[in-house]
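Undergrad: please find the sequence and the predicted model below.
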Amino acid sequence: EGPLVGILNLKRLKHRERDMIEKLIKSWVKPNPQTATLIKKMHDERLRYYHKDRYDVRTNLFDWDYHWNLAVREGAGIIHSKEYVHWRNTGVAYRMVSNDDAYGHIANSTLFANKFADQSQQRVVRGFFGDMVNSPYFSYGVSTDNKKMQEKDPQGRFTHTSIDVARDNLKKWFLKFDNYSSFQLFPMMVENDKLYSLSAYKSKFNVVFFGLMHAQWLKDGYPSICREHAITYTENGFYLVPIKDEHRKAYTNQIMQLSTPQKLNLFAKRNGYLVFSN
């Protein structure tokens with residue numbers, strides 16, 4: 001029951017996987033009063049672990065990453081340095097009102113989650129497992145077809161922020177949900193070789209999206225799960241802050257090499273991802 005029933009199809013997941021998702025979502029709806037404090041503590045521990053002896057000068061490091069590794073990427077200039085540095089320091093990316101005490105520092109409980117401690121999957125640990133370097137702005141806050149969001153002032157500065165772009169894009173996405181029948185979620189623990197051989201997934205998908213570092217799934221058997229004229233999206237690491245240009249280009253070349261034997265045709269090349277058709 002609920003608004004997601006007609007959108008997400010969880011039937012192919014194992015009972016344990018569905019139970020984990022249900023328990024996690026319930027923790028978001030009715031969070032523990034101590035969650036906000038725990039998230040801040042876990043986020044700070046991640047900062048200390050990542051920066052080690054440079055922790056006390058981390059703001060300078062954040063500013064360096066912004067100007068030399070992030071803002072130089074095409075389209076990333078709409079992300080303001082203050083937004084990025086604040087997110088790196090706190091984990092809070094979207095401050096929706098000017099009164100920070102009202103909403104600006106509310107902890108994002110969706111990033112405080114359970115995770116298997118090892119491959120045995122017998123022990124679960126709870127912690128902050130969100131991104132610490134790249135930022136969430138690239139997902140919805142950079143690319144837009146709305147010309148108004150791309151306007152600049154006479155000094156060449158954007159008149160809107162990445163937060164404005166993200167809000168505008170998400171509104172459009174939610175409206176589009178009415179036109180989709182459902183989204184099928186893969187079982188979390190099914191290996192790609194087994195997935196491609198299961199009859200339940202034969203000619204199943206119109207659109208497939210491969211996240212970063214999952215290009216190895218583009219291998220023999222992949223076309224069997226795609227319908228005719230299906231679209232395949234693959235991330236290429238364009239907006240990853242720590243990755244150098246030569247490494248990103250090498251990874252993009254690897255994706256192209258993997259796609260050729262599967263008879264996938266490059267349909268479009270965008271900042272952040274490649275689009276193939278079969």
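TA: Looks like it came in fine. Numbers count the residues shown, from 1 in each chain.

Undergrad: quick one: the helices in the protein?
TA: Along the chain, counting by DSSP state H, helices occupy 15-29, 35-51, 58-65, 81-90, 137-140, 162-176, 192-197, 245-259.

Undergrad: just send the ones you listed back as CSV, with distance to residue 276 and mean pLDDT too.
TA: Every C-beta, even on glycine, is put in place using the N, C-alpha and C of the backbone. Output for the helices of the chain, formatted as CSV (distance: least, CB to CB, whole Å; pLDDT from 0 to 100):
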stretch, distance to residue 276, mean pLDDT
helix 15-29, 28, 79
helix 35-51, 34, 87
helix 58-65, 31, 96
helix 81-90, 31, 93
helix 137-140, 20, 88
helix 162-176, 21, 88
helix 192-197, 17, 73
helix 245-259, 6, 91
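
Undergrad: okay, those, which one's buried deepest?
TA: helix 137-140 (a mean of 20; mean count of other CB atoms under 10 Å).

Undergrad: contacts for it?
TA: Contact with helix 137-140 is made by 76, 79, 83-84, 87, 93, 162, 165-166, 169-170, 173, 239, 272, as judged by CB atoms under 8 Å, 6 or more residues apart in numbering.

Undergrad: can you name the two of the residues you listed that sit furthest apart?
TA: Between any two of the contacts of helix 137-140, the greatest separation by CB to CB is 23.1 Å, found for 84 and 173.

Undergrad: which strand residues bridge residue 235?
TA: Counting by DSSP bridges, residue 235 is bridged to residue 273.

Undergrad: separation between residue 238 and residue 248?
TA: The spacing between residue 238 and residue 248, counted by CB to CB, to the nearest Å, is 6 Å.

Undergrad: my error: substitute residue 268 in the last question.
TA: Residue 268 is 17 Å from residue 248, by CB to CB.

Undergrad: in this structure, what residue sits furthest out from the centroid?
TA: Distance to the chain centre peaks in the chain at residue 154, reaching 33.5 Å (criterion: CA atoms, centre = their mean).

Undergrad: where's it relative to residue 160, distance?
TA: Distance, residue 154 to residue 160, using CB to CB: 15 Å.

Undergrad: and for residue 38?
TA: 34 Å.

Undergrad: again with residue 94
TA: From residue 94 to residue 160 the distance is 14 Å (CB to CB).

Undergrad: from the contacts of helix 137-140, which is closest to residue 209?
TA: For those, the nearest to residue 209 is residue 272 (11.7 Å; CB to CB).

Undergrad: do you know how far residue 46 is from residue 131?
TA: The value you get for residue 46 to residue 131, if CB to CB is used, is 10 Å.

Undergrad: go on, residue 201?
TA: Taking CB to CB, one finds residue 201 at 30 Å from residue 131.

Undergrad: those two: which is more packed in?
TA: Neighbour count, other CB atoms under 10 Å: between residue 201 and residue 131, residue 201 has more, with 18 against 13.

Undergrad: for the more buried one, report the pLDDT, please.
TA: With respect to pLDDT, residue 201 scores 83.

Undergrad: without its sequence neighbours, what residue ends up closest to it?
TA: Once flanking residues are discounted, residue 201 sits nearest to residue 225: 4.6 Å by CB to CB, 6 or more residues apart in numbering.

Undergrad: tell me, how many residues neighbour residue 70?
TA: Other residues close to residue 70 by other CB under 10 Å number 23.

Undergrad: so it touches residue 77, yeah?
TA: No: with contact defined as CB atoms under 8 Å, residue 70 does not count as touching residue 77 (9.4 Å).

Undergrad: contacts only, for the residue nearest to residue 211 when sequence neighbours are not counted.
TA: Counting by CB to CB, 6+ apart, residue 211 lies nearest to residue 235, which is 5.7 Å off, once chain neighbours are set aside. Under the criterion of CB under 8 Å, 6+ apart, the neighbours of residue 235 are 210-212, 272-273.

Undergrad: switch the cut-off to 10 Å
TA: 209-215, 251, 255, 272-274 (CB atoms under 10 Å, 6 or more residues apart in numbering).

Undergrad: what does residue 276 give?
TA: Neighbours of residue 276 in contact, by CB under 10 Å, 6+ apart: 208, 210, 218, 226, 230-234, 255-256, 259, 262-268.

Undergrad: quick one: terminal-to-terminal distance for stretch 266-278?
TA: Taking CA to CA, to the nearest Å, stretch 266-278 runs 9 Å from one end to the other.
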